[in-house]
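K.L.:
predicted model, plus sequence, below.
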Amino acid sequence: MSLPRLALFLFCFAMTAMTVQSEKPGHCPKPPPDTVTICIVKCQSDADCPEGKKCCNYGCTRDCYAPVKPHLKACPTDLKLEPNCDYKCDKKQDCCHDEICCYNGCGFQCVAASEGR
């Protein structure tokens, strides 16, 4: 390998090693339901954000926000509900307060969570 190619290889390797970012703990908070975002990119990764904030993506906007803790709750195993085939919540959507969206035997509804996995 010629000296210029070796130098280029080492430079690229060093730049790649320097750009490896560790992700900060927590999850990005959900935006309020009627949030309208304009396309502004203020960060590319968590490393671009100050201590205690994560780079979060909302539509085409990327900005630093305080993270929320991941949910450590699970649907109760002894779910004693009248089966209701309505979808009153979405599995991926959080419910209000200390509730989570659980399958009730026919549909989904918000119920009080139990300490989980």
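P.N.:
Thanks, I have the structure now.
K.L.:
could you list the domains of the chain?
P.N.:
Taking the TED database as the domain assignment, the record places the domains of the chain at 22-70, 73-115.
K.L.:
make TSV out of those and add mean neighbour count.
P.N.:
Every C-beta, even on glycine, is put in place using the N, C-alpha and C of the backbone. Compiled in TSV, the domains of the chain are given as follows (neighbours: other Cβ atoms under 10 Å):
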stretch	mean neighbour count
domain 22-70	13
domain 73-115	13
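K.L.:
which one of those domains has the lowest average pLDDT?
P.N.:
Ranked by mean pLDDT, these bottom out at domain 73-115, with a mean of 74.
K.L.:
grab the nearest non-local neighbour of Ala113.
P.N.:
Among residues not flanking Ala113 along the chain, Lys73 sits closest, at 3.4 Å (Cβ to Cβ, 6 or more residues apart in numbering).
K.L.:
now Val41. Nearest residue, chain neighbours left out?
P.N.:
Here the nearest residue to Val41 in space, its sequence neighbours aside, is Arg62; by Cβ to Cβ, 6+ apart that works out to 4.7 Å.
K.L.:
now the one you found, what's its secondary structure?
P.N.:
For Arg62, the reduced secondary structure class is strand; criterion used: DSSP: H, G, I helix; E, B strand; the rest coil.
K.L.:
my read: it touches Gln44, true?
P.N.:
Yes. Shown here, Arg62 and Gln44 form a contact pair, counting by Cβ atoms under 8 Å, at 7.0 Å.
K.L.:
tell me, what's touching these two both at once?
P.N.:
When Cβ atoms under 8 Å, 6 or more residues apart in numbering defines a contact, the residues bordering Arg62 and Gln44 alike are Cys55.
K.L.:
may I have the beta-bridge partners of the residue nearest to Val41?
P.N.:
Beta-bridge pairing of Arg62, defined through DSSP bridges, involves Val41, Asn57.
K.L.:
so Cys75 sits right up against Glu99, yeah?
P.N.:
No. Contact between Cys75 and Glu99 fails when scored by Cβ under 8 Å: they sit 10.3 Å apart.
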